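Enquirer: Show me how the following folds:
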Amino acid sequence: MKKSLIAFSLFWVSFVTWGQEKAKFKKQEYWVKSIAPSAFPILDNVYTQGTYYKIAPDILVSEKNLKRDFFDIKGFIKNQENSEVKIYVDIQTIDLSKQIQDSSFDNQTRKYYPSANVYFNVNMEYEVKYKNQVLWKNKYVSSENIKYSNGLGSFYQYEKDAKSEFGDQIEKIAEISLKKIQNELNQKIGYYQQERKETFFWLINKEHPEYTQMLAFENEINSQLSQVNYEKGLDRIQLLVHLAYLESLLTKYPANKENEKIRFIVTNNLAQTYFLLEDKTKGLYYADLLVKNGFRESYGFELINKYKNLEVLAAKTRTHSKRFAELSKLGYQLKQEEALQKEEAKQAFFEKIVRDEADWEQEKVERGNQLEQFKANWFKLIDSSSFQNHADILLKVIQNLGGASVLKNIEKTHTSSQFKFEDSNIPVYDDKWSLAFTNFLLKKRMPESYLFVINNVEAWKHDDRIRGEKWKKISSSEYAENIDKLLPIYLLSGIRFDLWNKLEQQSERFINDKLCWHLSFTEKEMSSQNRIIPKQEYHFYFDKTDYTLVSTETIFFEDGKKISKERKIFTDYREISALNNGKLPHRIQYQVEDYFGESFFDEIIEKVEINSGFSNRIFIKEVYIGGFK
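Expert: Now for the predicted structure:
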């Protein structure tokens, strides 16, 4: 029995050795179509991109030309109006740094020709954003040059440009820099159609014990690769049995000198197949085994170098997608044709409507939150008045207006004012009404003619001076600036309680023969030179006797210079029983000082209603259908 086992073992070893000697193979190369994907998987289903510029004021570059020429990112449609991927470019510096003049000798003409190089320092920042997510951000700092050569004619151009300090060449330098940025962006976020050469090895001798199953794997690969295109890759499920078989061969044929050839075939085919299936981990593992096998290890190094930067995701194929088919549908390849351009414009129009509606809904949510926060701040101020700045004055002012509980319960107000100018007997009317933090109307005819409407989170503006569309939604910044005007007590008294804790107490002053507390606040902003300059000044004067508001002053600035001043003097107060015998101003004297000199006019409040049954339903309907024209 023992002799029989020894004889069988010797036979099996000789059989395997014979099998290895018969491991003859052929090389077969395939050109496989695929898409080289972006480094950011989030862009796989994004098809449009646009570029937005911020250009320093001293740089003479046409933004219109830049938008027309940049950026062409591979695999995206350039769509400035309807872009999903937004590229922001900040051109900060393009400065002339140096000029170098030289000359060269032409052997044919036997003459010297002058030449010149002009160098510019370029400083730009750029970032790529998808929705609100910054995908890539970088700086471009370089020295670019323009060369003047090719004979005297070009040098004459150099002398001409030098007289204008090369101002006409700035845009050319910007284009040179942006082309380099474009190349970098294409490497980062671009998509390319490509054909990669993949090499497999197949057994050719039918006597080899693995030939039959290796032939089955060869047939499967040939069948699948013949169907691979830019949208379709290998079918993993159909290959699972074959891959398990190949992996078992590495156990069946352990690493030694006799098994180099069969292990070379198996590890190469496994590495190639897993890379085509975008399994980077297994692909690199078998490529490393191919190197360690020692037989033609150059194939292993080639595979590792080829795929070390492969960007893939687990369980998601990225090199095969319908990307370019979708781009073709959107007109990427036919964008120069006029008919398709019209279709793209139509498509962009409807997409913009959808996006604007979504943005408007989000904006309304944010505005609603602003209103609630403003209301909460107002209630907090009057409930904790003893802890606020200038508490002694604030307590008296609130008490004079009827008390904290009364002020918090004001639901509706409506005032109708009549203006009378010194130089004219023509009456001008101004209507103000409010529904407790939700509705506000300012109807103003002088000095400018417009209507301003806020209905809860929506806001509208009507201007007779504008041709065409009269009613327009106001911007978010305008809305934020006017939230304080939704406070009913502001309409009735003119006091800006939202500024109270910002007010600083100044020295006492006599206003309209009354000794007054003086509180003021200066709103500031940054100038273009990063200096802090005034934007508006607010001054409030309260009577030291009864704490009524005697006067307000608002000074407006532009670039740090005073451009106008508005002053109001509250000359008469009326008892309002609904405010617990609080007093509200009845007659107001205006003084407006601007570029055109001084103007004086009186305002008489004819009607003040508190908690009235005033309804705004019809008014808002008229706004929506375009009334007040």
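
Enquirer: use CA for all of it now, contacts and neighbours both
Expert: OK.

Enquirer: residue contacts, residue 281?
Expert: If you count contacts by Cα atoms under 8 Å, 6 or more residues apart in numbering, residue 281 has none.

Enquirer: after the host helix or strand of it comes which helix or strand?
Expert: Per DSSP states H and E, residue 281 falls inside helix 280-293. Where DSSP H and E defines the elements, the next helix or strand beyond helix 280-293 is helix 298-307.

Enquirer: Buried residues of that following helix, list them for me.
Expert: For helix 298-307, a neighbour-count test (16 or more other Cα atoms under 10 Å) marks 300, 303-304 as buried.

Enquirer: For the helix holding residue 281, buried residues please.
Expert: 280, 282-284, 286-291, 293.

Enquirer: List the neighbours of stretch 40-55 that are in contact with it.
Expert: The contact list for stretch 40-55, computed with Cα under 8 Å, 6+ apart, reads 37-38, 61, 63, 67, 70-71, 73, 75-92, 130, 135, 188-189, 313, 318, 323, 327.

Enquirer: got the end-to-end distance for that stretch?
Expert: Taking Cα to Cα, to the nearest Å, stretch 40-55 runs 28 Å from one end to the other.

Enquirer: Buried residues, that stretch. List them.
Expert: Buried residues in stretch 40-55, counted by 16+ other Cα under 10 Å: 43-44, 46-52, 55.

Enquirer: now swap in stretch 186-204 and tell me
Expert: For stretch 186-204, the neighbour count (16+ other Cα under 10 Å) marks 186-193, 198, 200-203 as buried.

Enquirer: before we move on, back to that, for the buried residues of helix 280-293, which one is nearest residue 351?
Expert: Relative to residue 351, the closest of these is residue 280; by Cα to Cα it sits at 37.8 Å.

Enquirer: That closest one is in contact with residue 273, isn't it?
Expert: No: when contacts are counted by Cα atoms under 8 Å, residue 280 is not listed as touching residue 273 (10.4 Å).

Enquirer: hmm, back to that, any idea which of the buried residues of helix 280-293 is the one closest to residue 544?
Expert: Of the buried residues of helix 280-293, the one sitting nearest to residue 544 (Cα to Cα) turns out to be residue 280, at 80.7 Å.

Enquirer: Mind giving me the packing neighbours of the helix or strand harbouring residue 183?
Expert: Using DSSP H and E, residue 183 sits in helix 170-189. Here helix 170-189 touches strand 85-106, strand 133-148, going by 3 or more Cα pairs under 8 Å, 6 or more residues apart in numbering; DSSP states H and E.

Enquirer: can you put these in TSV and add mean neighbour count?
Expert: Shown next, in TSV, are these (neighbours: other Cα atoms under 10 Å):
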stretch	mean neighbour count
strand 85-106	16
strand 133-148	15
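
Enquirer: who does the helix or strand following the helix holding residue 183 touch, helix- and strand-wise?
Expert: Later in the chain than helix 170-189, the nearest helix or strand by DSSP H and E is strand 192-203. When contacts are defined as 3+ Cα pairs under 8 Å, 6+ apart, strand 192-203 sits against strand 25-36, helix 211-225, helix 260-276.

Enquirer: Pull the distance from the longest one to the chain's centre.
Expert: By that I understand helix 260-276. Here the centre of helix 260-276 is set off from its chain's centre by 46 Å, with Cα atoms, centre = their mean, to the nearest Å.

Enquirer: can you give me the angle it makes with helix 211-225?
Expert: On the basis of axes from the mean of the first three to the mean of the last three Cα atoms, to 10 degrees, helix 260-276 is oriented at 30 degrees to helix 211-225.

Enquirer: would you put the C-alpha positions of helix 260-276 in CSV?
Expert: As requested, the backbone C-alpha atoms of helix 260-276 are provided in CSV (Å, rounded to 0.1, in the frame of the first residue of the first chain):
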residue,chain,number,x,y,z
GLU,A,260,5.6,30.9,-13.1
LYS,A,261,3.9,30.7,-16.5
ILE,A,262,0.4,29.5,-15.4
ARG,A,263,0.5,32.0,-12.5
PHE,A,264,1.5,34.8,-14.9
ILE,A,265,-1.5,34.1,-17.1
VAL,A,266,-3.9,33.8,-14.2
THR,A,267,-2.7,36.9,-12.2
ASN,A,268,-2.6,39.1,-15.3
ASN,A,269,-6.1,38.1,-16.4
LEU,A,270,-7.5,38.6,-12.9
ALA,A,271,-5.8,42.1,-12.6
GLN,A,272,-7.1,43.2,-16.0
THR,A,273,-10.6,41.9,-15.3
TYR,A,274,-10.9,43.5,-11.9
PHE,A,275,-9.7,46.8,-13.2
LEU,A,276,-12.3,46.7,-16.0
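
Enquirer: Show residues contacting that helix.
Expert: The contact list for helix 260-276 (Cα under 8 Å, 6+ apart) reads 20, 23, 25, 198-202, 233-234, 243, 246-247, 249-250, 253, 255, 280, 282-287, 289-290, 293-296, 299-300, 303, 307.

Enquirer: So which elements touch whatever helix or strand residue 243 lives in?
Expert: Element membership for residue 243, per DSSP H and E: helix 236-252. Judged by 3+ Cα pairs under 8 Å, 6+ apart, helix 236-252 is in contact with helix 260-276.

Enquirer: quick one: average pLDDT of the helix it packs on?
Expert: The predicted model assigns helix 260-276 a mean pLDDT of 90.

Enquirer: By residue count, which helix of this structure is the longest?
Expert: Using DSSP state H, we find that the single longest helix of the chain is helix 338-383.

Enquirer: could you check the angle helix 260-276 makes with the helix holding residue 243?
Expert: In terms of direction (the same axes, to 10 degrees), helix 236-252 departs from helix 260-276 by 150 degrees.

Enquirer: Helix 236-252 vs helix 280-293, what angle?
Expert: Using the same axes, to 10 degrees, helix 236-252 lies at 30 degrees relative to helix 280-293.

Enquirer: Same question for helix 236-252: list its buried residues.
Expert: Buried residues in helix 236-252 (16+ other Cα under 10 Å): 239, 242-243, 246, 250.

Enquirer: and that helix, what's its mean pLDDT?
Expert: The average pLDDT for helix 236-252 rounds to 90.

Enquirer: List the contacts of it.
Expert: 217, 220, 263, 266, 270, 277.

Enquirer: ok, now with 7 Å
Expert: With contact meaning Cα atoms under 7 Å, 6 or more residues apart in numbering, helix 236-252 is reached by 217, 263, 266, 277.

Enquirer: can you check stretch 389-407 too?
Expert: Outside stretch 389-407, the residues that touch it by Cα under 7 Å, 6+ apart are 382-383, 385-386, 501, 547-548, 579-583.

Enquirer: any idea which helix or strand comes after the strand or helix carrying residue 398?
Expert: For residue 398, the host element (DSSP H and E) is helix 391-400. As assigned by DSSP H and E, the chain's next helix or strand after helix 391-400 is helix 404-408.

Enquirer: Which element is encountered next along the chain beyond that following helix?
Expert: Towards the C-terminus, the helix or strand next in line after helix 404-408, according to DSSP H and E, is strand 412-421.

Enquirer: could you give me the average pLDDT of that next one?
Expert: In this model, strand 412-421 has a mean pLDDT of 75.

Enquirer: Direction included, what does that strand pair against?
Expert: Paired strands of strand 412-421, with direction, are strand 428-435 (antiparallel), strand 597-610 (antiparallel) (DSSP bridges).

Enquirer: Relative to residue 145, which of those is closest?
Expert: strand 597-610 (54.2 Å).

Enquirer: residue ranges with poor pLDDT in the stretch 151-300 of the chain?
Expert: The model of the stretch 151-300 of the chain has pLDDT under 70 over residues 151-153, 156, 160, 163-165, 167.

Enquirer: mind checking the SS state of residue 46?
Expert: Of the three states, residue 46 takes coil according to DSSP: H, G, I helix; E, B strand; the rest coil.

Enquirer: Could you pull up phi and psi at it?
Expert: phi -110, psi 130 (degrees, to the nearest 10).

Enquirer: Can you say which of the contacts of helix 236-252 are buried?
Expert: Applying 16+ other Cα under 10 Å to the contacts of helix 236-252 flags 217, 263, 266, 277 as buried.
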